[in-house]
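Chemist: structure for the following, please:
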Amino acid sequence: MNDYAKNRIFGDSFMPAAKSVLKGIYSAEMDISIASDKLDTKEASDLILHGAKSKILNDGDRVAVRVRKHGYADRYPNEFTIRSRAMFGGETEYNKIMSGMGDFFLYAHAEQIKHEFARWLLIDLANFRYAIENMKIPKESKSNFDGTRFYAFNIYDFPPTLDLVVAGSHAMESRQVGLF
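Modeler: Sure, this is the predicted structure:
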């Protein structure tokens, strides 16, 4: 089994939790479908929203989902990462996002035992792209030690007026967007 297949199986096991987060925050009435392999690999889209009608989420919005394995939440509570170099040189999530793909990014940390989230952030990708293109937002390039790399971003490096994080599971993240 190749790395994409392994990562897809791991990520897909958290799709019920991702759907629950999105429905719980905005609209239990909306429908959410899992994106096709093509949308996943070419357009940084894991979930497609249907019938969403809120101040933030809309019908047709595409949500990229990244779930980090258990153990990173306590070490990097204010950070989110986006893959910046693929193992075999393919287009990365960062490239796809910066080219305009995806509307939101659900970044989550896995619980130790269950296929649920210990912590999560919902990031507005339009605001993320704006900040990267127009502000001096630091990004730290890190290695996964498997031939891939990622950029690490601290949510507090983005101005709070930007509304980068539109929802979060913890008061720390939510304080940035005034939810608590």
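Chemist: and Phe105, that's in a strand?
Modeler: Yes. Under the criterion used here (DSSP: H, G, I helix; E, B strand; the rest coil), Phe105 sits inside a strand.
Chemist: when you give positions from now on, start the count at 22
Modeler: I'll keep to 22 as the first residue from here, and by that count the last item is Phe126.
Chemist: my guess is Gly72 contacts Ile53, does it?
Modeler: No. Contact status for Gly72 versus Ile53: not in contact, 9.2 Å apart, counting by C-beta atoms under 8 Å. Yep, even glycine has a C-beta here, placed from its N, CA and C like the rest.
Chemist: more neighbours: which of the two?
Modeler: Ile53 (19 against 13; other C-beta atoms under 10 Å).
Chemist: mind checking the SS state of that one?
Modeler: Following three-state DSSP, Ile53 is assigned to strand.
Chemist: confidence score at it?
Modeler: Confidence at Ile53, expressed as pLDDT, is 92.
Chemist: what's the answer for Leu200, then?
Modeler: Reported pLDDT for Leu200: 39.
Chemist: likewise Ala49?
Modeler: 65.
Chemist: okay, and the common contacts of Gly72 and Ile53?
Modeler: Both Gly72 and Ile53 lack any common contact, where contact means C-beta atoms under 8 Å, 6 or more residues apart in numbering.
Chemist: mean confidence score for stretch 122-141?
Modeler: On average, the pLDDT along stretch 122-141 is 93.
Chemist: could you dump that stretch to CSV, C-alpha only?
Modeler: Included here for stretch 122-141 are C-alpha records, laid out as CSV according to Å, rounded to 0.1, in the frame of the first residue of the first chain:
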residue,chain,number,x,y,z
MET,A,122,-8.3,25.9,-4.0
GLY,A,123,-10.4,25.2,-0.9
ASP,A,124,-12.6,27.5,1.1
PHE,A,125,-11.8,26.3,4.6
PHE,A,126,-9.2,24.2,6.4
LEU,A,127,-10.3,22.0,9.3
TYR,A,128,-7.0,21.3,11.1
ALA,A,129,-7.3,18.8,13.9
HIS,A,130,-5.4,16.7,16.4
ALA,A,131,-6.5,13.1,17.0
GLU,A,132,-7.7,11.7,20.3
GLN,A,133,-5.4,8.9,21.6
ILE,A,134,-7.9,6.1,21.3
LYS,A,135,-11.1,7.1,19.5
HIS,A,136,-11.5,8.5,16.0
GLU,A,137,-12.4,11.9,17.4
PHE,A,138,-10.6,15.2,17.7
ALA,A,139,-8.8,16.3,20.8
ARG,A,140,-8.4,19.8,19.4
TRP,A,141,-9.4,21.5,16.2
